[in-house]
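> Here's a sequence, model it:
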Amino acid sequence: MKIGWIGLGKMGNPMSQRLIKAGYVVQVYNRTKEKEMLFKQQGIATAATPSALISETDVVFIMVSDDAAIRELFGGANGLLKGNLRGKIIVNMSTVSPSISREMSALCAEQGGDYLDAPVSGSVKPAEEGTLVVIAGGDRKVFEKVKPLFDQLGSLSVYVGECGAGNTAKLATNAFLGIITQGLAEVTLFAEQKGIRKEDLFSILANSAMASPFVKMKSNAILQDNFNAAFALRHLAKDLRLAKAEGLDEPLGNIVYQSYQEAEKTNLADEDIIAIIKYLQ
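As a prediction, the model looks like this:
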């Protein structure tokens, strides 16, 4: 099976590397060619255009930032839809809207190709370790074909329904992520205002029913004043906009949505999502 990979950013780079290390034949494409250099140094083939990549491979994975990037990759002058899609599978692992997945899936089907929306839960470290959770929507038979590849990328892959369902489930997951992140930030600030040391609060949380790997990781980031982005605040703000557009309209969701939209307008946009604590201060 020949694999194509589009998008070599913080997530796409380690994810594609896992497939390479597993022995698969992988060819890559990235809009900014500097990110292809590491792969060229490894002897990995690169494609000049998305249409060339799909024509030369069996399964193409996509990991890019937003709907606009997807629309350009598919519909551009040398986009995926200009290549040979018959019998091919496109797996879009980006966090994008359910509607654009349904649109691109229909366009692929017109040319004899298949499309899965398969965003992931997890950030850079799980991508490196192959412990992501893959959330897939589309044809179940296509999912089963691709599942051995998902098994290289994550510790769990879940089929959740028809095309767009993967994106919807991911937006729900990231809405919860926003709620947890802002919740941790708010209680940290409250405790500090009342004279409780952060170290003591985090020790209590780590040994309580609320303990989780995520809370531990973000607590450590606050203690170390380390806001380097594992998952950039601007990306969560975008995901919350997508969730809002899909109908997220609950009290906590609305509050977190508003916070992250405002924080994104500051100099915190490229810092980690836990930088919301600095916005709340």
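
> List the residues that contact Ile70.
62, 64, 92, 94, 96, 100, 104 (CB atoms under 8 Å, 6 or more residues apart in numbering). (C-beta placed from N, C-alpha, C; glycine too.)

> Likewise for Met11?
63, 120, 123-124, 127.

> So which of those belong to helices?
Counting by DSSP state H, these place 124, 127 in helices.

> Could you check how far Val215 is from Ala206?
7 Å (CB to CB, to the nearest Å).

> Next, the buried residues of stretch 103-111.
Buried residues in stretch 103-111, counted by 16 or more other CB atoms under 10 Å: 103-105, 107-108.

> I should have written stretch 29-41 there, sorry.
29-30, 36, 39.

> among those, which are in strands?
Tyr29 (DSSP state E).

> what distance separates the helix or strand hosting Val26 from the middle of the whole chain?
Val26 belongs to strand 25-29 when assigned by DSSP states H and E. Relative to the centre of its chain, strand 25-29 is centred 19 Å away, using CA atoms, centre = their mean, to the nearest Å.

> Next: stretch 103-122.
With CA atoms, centre = their mean, you get 16 Å for stretch 103-122.

> how does this structure divide up, domain by domain?
2-163, 169-280 (automatic domain parsing).

> Just name the most buried of the ones you listed.
domain 2-163 (a mean of 19; mean count of other CB atoms under 10 Å).

> residue ranges of the helices in the stretch 1-150 of the chain, please?
12-21, 37-41, 50-56, 67-75, 98-110, 124-129, 140-153 (DSSP state H, counting those that start in this stretch).

> what sits against Ile100?
Contacts of Ile100 by CB under 8 Å, 6+ apart are 67, 70-71.

> Nearest to Gly4 among those residues?
Using CB to CB, Ile70 is the member of those that lies nearest Gly4, at 15.2 Å.

> how far does stretch 3-12 sit from the chain's center?
Taking mean C-alpha positions (CA atoms, centre = their mean), stretch 3-12 and its chain are 11 Å apart.

> Put the alpha carbons of that stretch into PDB.
Below are the C-alpha coordinates for stretch 3-12, written out as PDB (Å, rounded to 0.1, in the frame of the first residue of the first chain):
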ATOM      1  CA  ILE A   3       0.700   6.200   1.300                       C
ATOM      2  CA  GLY A   4       0.600   9.900   0.600                       C
ATOM      3  CA  TRP A   5       0.800  12.500   3.400                       C
ATOM      4  CA  ILE A   6      -0.200  16.100   3.200                       C
ATOM      5  CA  GLY A   7       0.700  18.500   6.000                       C
ATOM      6  CA  LEU A   8       4.000  18.300   7.900                       C
ATOM      7  CA  GLY A   9       3.300  20.600  10.800                       C
ATOM      8  CA  LYS A  10       3.500  19.800  14.600                       C
ATOM      9  CA  MET A  11       1.100  16.900  14.200                       C
ATOM     10  CA  GLY A  12       1.600  15.800  10.600                       C
END
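
> Do me a favour and average the pLDDT over it.
Per-residue pLDDT over stretch 3-12 has a mean of 96.
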